[in-house]
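Asks: Using only what follows, build the 3D model:
(chains A, B and C)
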Amino acid sequence: MTAADPPALHCRGIRVTYGEVTALADLDIAFARGAIHAVVGQNGAGKTTFARVAAGLVRPDAGSLAIDGRALRLGRVAGARAAGVELVHQSFALPPSFTVAEALEFGAGGGIGVYSRRRLLKRCRERLAALDLDVDPRRRIRDLPVEVQQGVEIARALVTDARLLILDEPTAVLPPAGIEALFERIRSLKRHGVTVILILHKIREVMAVADTISVLRGGRLVAGPIPRERADEASVAEMIVGQAAVGPVSADDTQALVGAAPVRGVATHRVPVAASPEAGETVLQLADVNTAKDPEEPPLDRVSLLVRPGEVVGVAGVQGNSQRTLVKAIAGLADVTGGDIYLNGRRASRTSAANRRALGLRVIPFERNSEGLSLTSALWENWSVRELLQQPLFSFVDPAALRRRCDEALETWGVRYASATQNAGALSGGNAQKVILAREIDDDARLIIAAQPARGLDIGATAFVWSALREAAGRGCGVLLISSDLDELFDVSHRLVVMLSGRIVAEFVPPYDIAAVGRAMTGAST
Amino acid sequence: MTEFHEFMVAILRSGTPLVYVTMAGVIAQRAGVWHLGLEGVMIIGACATILGIVLTGSFPAAIAIACLLCVAASVLLWFVIEKLGANPIIAGLGLTGLGIGGTALAVQAIFGSLAAVTAPFGVPRLGAAFGPYGALSIFVLMMPFVVWGMWVLLRRTRFGLRLAAAGEHPLAARSVGTSPANARLIALAAGGVLCAIGGAELAAGGLTIFAQNMTAGRGFMSFAAVIFGAAHPVGAAFAALFFSLVGVAGIRLQLLFGASIPHDVLLSLPYMATILGVWISGRMRGGAKAATEASELRDY
Amino acid sequence: MSGISIRAGAVIRTLAFIVLALALCGVVFELAGYSALLMLESVVEGAFLRAGGWAQSLRWALPLFITATGVAISFRCGFFNIGAQGQFYVGAICAAFVADVLGGAPAALVLPATFLAGMAGGALWALWPGYLRLRSGTDEVITTLMGNFIAALVLVYVTSGPLKDPSGTGQQAASPLLPAVYRISDSQGISPAIIGIAAAVALAMWVLVNRTPFGMLASLAGRNPTMVRFQGARLWTLGLSSFLISGGLAGLAGTIELLGPTGRIASGFLPGHGFTAVLIALVANLSVVATAVVSMLFGGLASAALYLPILAGLPAAAIDIFNASVALFITAKSGLLDRLLRAARLPT
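Replies: Numbering: from 1, shown residues only, chains lettered A, B, ... in the order given. The predicted structure follows:
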């Protein structure tokens, strides 16, 4: 590569605004051909928007893009694809009902494109083999494990001979071993002359694979592209977080947040100890719990689990290993076919969902925007659901009093909002999560299930959620923290179990060994 | 044997309009539109065909007018759903009302009364070469080919895959450069042509008459056939034929049993079969779970 | 503050779409060779300006209001129960049977029994689609629509069979006219009894929607059933109750028609009742108070539909077309109009 080569991707003055929010503010950046570039930043730094602009999915308000020196028409996917740009989405964009062969075919070209099943399968097998991807092209996307889905999506992106591949947070859904395999695949693409841009937020991963690093913050380029040799973790972490946000966040949390904590060994991890786990007393006990078959996840298979008051128990596992079913089984929303669930020492296997709530069960669900909140309903309605359900359906309630109490609770939790009558959808992710916390973490809570409670939150909000969970545990609540982010689990949990295909396969106590946990997550060891 | 042929003729005659309109529903459903306006587009097709024949005296001109109006109505629905963000169910029902009311108004405006309009001739017939089936229209003969063509288009072409992607996962479609909105426009417009043929067959395939509100729920039945057939062209076509089989069988039953079964009960058999059909397809797709699904759809 | 501006925005948006619907109607009328302006003039005159127009509009508005509040409840809960027409018919049929069987008994006995039967009949006709929906996920749009067709056929059967008026000579099959002792109004359709019932329904529904856990949870469930389920609510109870209430109210409206203005059941009577009620609920944005206001508007249109052909020589289908155009646009929410409103600096 000589200095005269035009960059693979050159952005000049890209600006994107969504309503009042500025996602990208005059971004200028150029990426050289034939290398692996990492773009890092917090949630909300504009990374995904940048990826979508480059792929033509988002039309910027201002600015220009050039691929290999040739200007690109903005906001046109077809144009970007013709220039060789492909994007692999964070939550993959493949229709779940499609077979692998169909998923590779549907974007392969324009026109009507008649095909025969046999020839399609043959073509598809060749492509998969070329990428060293071992999957039956007749299987449906929704039946595939996430790593394979990701592989298929990458194959889909390469169907048109992409020369610039952008991957948006590709590691978020993968176990440690899967991440290594992905990186190997990316290196092999680089050898074949493909330029790769990786959107990431963990410094450790960046250091493992990227040739250059660029840091975004608040929609602006803070630094980059910096060659990896000249970057060190501490300064990159500082650039990601910025000065202002560090204030209330502890140093340990910061390290966990940007994934800069050491990969192996445990030296710097503070060893959390349960406040006062009284032996014998439990807030949650699962004894050999089985659930009925479910198309979405493997059922629970003899799951036994114990949470004591004041204890944070982490549940690690790759997405889709029945963590959702676990939450549903405890909350009374899954079909439990065997075993027993005890809440607060009382047998609750046959207790209705509403009565489990009365026993002190609280749930911060996986999906904030569907399971946690009704975005098109007012804040006070969202906040009041739990109370409304404690009363007879046809009794008299005073909405004014509910609104008042909602205001009090939201203020206590520091939610930034205009009025209790505004819709929940108008809040930012962090504030929305605080509304859920305000509802779920009350004085009567005994067991809090927190499923990916910090997903999609910025650093300040994440630290807030973690400290709220720690405080609840400090007051004697049991907390079950389910996450696929090991840094989060290591930082907050007193104890850790690993789920794999509906079973609990391993248990760890601090100091945690990331390699061992990672092996357990993929079934490499038990 | 002649009785069997009569039976088949009756099923084909009542089933063919349903099948065409069902194909319109299938392609819309694949592209992600719950097409409850089928009834309205169909009646526009029926009315335009008859009025076209009466006013122009030419069948090709009449069917062209019908196609044009049905495509226009479908595009209007697309605009309201896609560009104005209206709820497809309510907007579809609105289009249905517009079709039923508009055709009644047109008949009254042109003929000064609401009485049924009779055309001197209808869709060209198959002719004597087809023996007992000679009185059927050419659209009946075309029907299997249209279903097969639809199957190829939706299940064996990249175009069909992109259409399905637009319906199932709009971001996936956008990622390969397909605009979901345009995909739906194409689907609805193509559905307009199919509804025009379905309506033409209904009004001018057997008798050549247009009466107020003559579709009588057939569009909705077609929609149910789409659901019953899981939006698969062949499955949905058979579902539509099944509904008409039930209707024809009901009429036969009455001939057999006379007045002992109330006439109106037999008339309601196709509607009951439709309910049965959607019930079965609901059960097949995971039963009670569906009670919490589609909240996005319902949050109008 | 913001609450008020949101509401003002919603009203402006609704009005804008009604204007858009009127424009579409105008195009259709002009295409059909009628003067759109004359049509509009005649409708307003027929609904409100002519002598007794208001009373006639109220006669149509009250049953519509009762059915529409019921529709609004099921829509609030997220269920597209568009079977109000069928529930209205079945309610009226059941009420007519009871009134027929108890014929001759004192009105103090017959009237309560008839009302009960009517509401039970309507609720029954909503129960099975509700059950199928909540038990097996059967799409309620289709089942309730098909229910409308079946109920209409049952009505034909009943009025030309078991309840046939022996003295009837007209083309339309109908049951015998009820004796005056059982009637709650004359054929003008306005009486203290009917106004009282409507007022009671309005009050009860307002309290139900705005002051009970049921009402609040139902609207939350309608917007996001998953979230409400995660909180431990039983969608089954919420959903089935809303189906039953909605069917029961349509049945009540049917009973009022039977005992009040119509005085009998007849095949195909009030054919647009259910659809209009759905529209009213949507135009009123599912609010009870707004439903009352909007019912008056659509009651006026229903009354004008009778007036048009007789006095202005215009087709009654005009009203159907207007209603349908409103349905086409009323749920539109985003895009062009918002942009226009923003451009005009109006609250959205």
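
Asks: which residues in the stretch 101-250 of chain B form strands?
Replies: Counting by DSSP state E, counting those that start in this stretch, the segments of the stretch 101-250 of chain B that form strands are B:117-118, B:209-210.

Asks: So which elements touch the first one?
Replies: Packed against strand B:117-118, as judged by 3 or more C-beta pairs under 8 Å, 6 or more residues apart in numbering or on different chains; DSSP states H and E, are the following elements: helix B:38-56, strand B:209-210. The C-beta positions use only the backbone N, C-alpha and C, and glycine is treated the same way.

Asks: follow-up on the earlier one: of the strands of the stretch 101-250 of chain B, which shows the lowest average pLDDT?
Replies: Note on these: lowest mean pLDDT is at strand B:117-118, with a mean of 89.

Asks: Now for residue 27: which residues touch it?
Replies: Picking chain A for this. With contacts taken as C-beta atoms under 8 Å, 6 or more residues apart in numbering or on different chains, A:Leu27 has the following neighbours: A:11, A:13-15, A:46, A:50, A:63, A:216, A:219-221.

Asks: um, chain B though
Replies: For B:Ile27, the set of contacting residues under the criterion of C-beta under 8 Å, 6+ apart consists of B:150, B:153-154, B:163, B:187, B:190-191, B:194.

Asks: Quick check: closest non-adjacent residue to it.
Replies: B:Ala187 (4.7 Å; C-beta to C-beta, 6 or more residues apart in numbering or on different chains).

Asks: if I look at the one you found, how far off is A:Val318?
Replies: Using C-beta to C-beta, to the nearest Å, we find B:Ala187 at a distance of 38 Å from A:Val318.

Asks: A:Leu389 contacts C:Leu217, doesn't it?
Replies: Yes. In this structure, A:Leu389 is within contact of C:Leu217 by C-beta atoms under 8 Å, at 7.1 Å.

Asks: Identify the contacts common to the two.
Replies: Applying C-beta under 8 Å, 6+ apart, one finds that A:Leu389 and C:Leu217 are jointly contacted by C:Ala233.

Asks: Dihedrals phi and psi, the closest residue to A:Leu305 other than its chain neighbours?
Replies: Using C-beta to C-beta, 6+ apart and skipping the chain neighbours, the partner closest in space to A:Leu305 is A:Leu286 (4.3 Å). In terms of degrees, to the nearest 10, the main-chain angles of A:Leu286 are phi -110, psi 130.

Asks: Count the neighbours of A:Leu286 for me.
Replies: Summarising burial for A:Leu286: neighbours were counted as other C-beta atoms under 10 Å in any protein chain shown, giving 23.

Asks: ChimeraX command to pick out the buried ones of the contacts of A:Leu27?
Replies: To isolate the buried members of the contacts of A:Leu27 in ChimeraX, using 16 or more other C-beta atoms under 10 Å in any protein chain shown:
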select /A:11,14,15,46,50,63,216,219,220,221
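
Asks: Quick one: the contacts of A:Leu27 as CSV, columns for secondary structure and distance to C:Val101 too.
Replies: Below are the contacts of A:Leu27 laid out as CSV (DSSP: H, G, I helix; E, B strand; the rest coil; distance: C-beta to C-beta, whole Å):
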residue, secondary structure, distance to C:Val101
A:Cys11, strand, 81
A:Gly13, strand, 82
A:Ile14, strand, 78
A:Arg15, strand, 76
A:Gly46, coil, 74
A:Phe50, helix, 75
A:Gly63, strand, 79
A:Leu216, strand, 78
A:Gly219, coil, 75
A:Arg220, strand, 80
A:Leu221, strand, 83
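
Asks: surely A:Leu200 meets A:Val40?
Replies: Yes. Between A:Leu200 and A:Val40 there is a contact at 5.4 Å, judged by C-beta under 8 Å.
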